[in-house]
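S.K.: Turn this into a model:
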Amino acid sequence: MKELICITCPRGCHLKVDDNMNVTGNFCPRGAKYAVNELTHPVRTLTSTIKTNSELNPRCPVKSKEPLPKELIFKAMDEINKVVVKLPINIGDIVIKNVCGSGVDIVATKKIDK
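M.R.: Predicted structure coming up:
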């Protein structure tokens, strides 16, 4: 039996999952889905910053457009740390397409003019 705390919403249900992937302790169906996904293929949204070509704004906040497989987080960070974006940049602009071959893009989360 595995025990998890659901992070889908602020309620934080204490979930228990048996060997047959039966979930108990969830208040809503999202908790059951979260528990099964967390045990079979965990994913996370990656948030970070990326270098820019500006001395005034040397970093730009970024995030993964969709959650990435947990095992790719450190490889994705290595890719992010190698890139320098040119300003101006807008919210939602893709700064790395298909990071680590995952099919997930890294996008800017702040508008920065020159």
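S.K.: tell me what the longest helix along the chain is packed against?
M.R.: Scanning the chain for the longest helix, with DSSP state H as the assignment, gives helix 29-40. The elements that helix 29-40 packs onto, with contact taken as 3 or more Cβ pairs under 8 Å, 6 or more residues apart in numbering; DSSP states H and E, are strand 2-5, strand 14-17, strand 23-24. Any C-beta I mention is one placed from the backbone N, CA and C, and that applies to glycine too.
S.K.: quick one: the residue minimising distance to the centre of the chain and Lys70, what's the gap?
M.R.: Among the residues of the chain, Thr45 comes closest to the average C-alpha position under Cα atoms, centre = their mean, at 1.0 Å. Taking Cβ to Cβ, to the nearest Å as the measure, Thr45 falls 11 Å from Lys70.
S.K.: can you check Asn81 too?
M.R.: In this structure, Asn81 and Lys70 are separated by 19 Å, where distance is defined by Cβ to Cβ.
S.K.: In the protein, what residue spans correspond to helices?
M.R.: Shown for the chain, the helices assigned by DSSP H span residues 29-40, 73-82.
S.K.: so which of the ones you listed is the most packed in?
M.R.: helix 29-40 (a mean of 16; mean count of other Cβ atoms under 10 Å).
S.K.: so how far is it from its chain's centroid?
M.R.: In this view, helix 29-40 has its centroid 16 Å away from the chain centroid, taken as Cα atoms, centre = their mean, to the nearest Å.
S.K.: picking up where we left off before, nearest to Asn53, out of the helices of the chain?
M.R.: Taking Cβ to Cβ as the measure, the helices of the chain were each checked against Asn53, and helix 73-82 came out nearest at 14.2 Å.
S.K.: Check the offset of that closest one from the chain's centre.
M.R.: From the chain centre to the centre of helix 73-82 is a distance of 12 Å (Cα atoms, centre = their mean).
S.K.: elements contacting that helix?
M.R.: Helices and strands touching helix 73-82, by 3+ Cβ pairs under 8 Å, 6+ apart, are strand 47-52, strand 106-108.
S.K.: Go again with 10 Å.
M.R.: For helix 73-82, the contact count by 3 or more Cβ pairs under 10 Å, 6 or more residues apart in numbering; DSSP states H and E identifies strand 43-44, strand 47-52, strand 59-64, strand 68-69, strand 94-96, strand 106-108 as packing neighbours.
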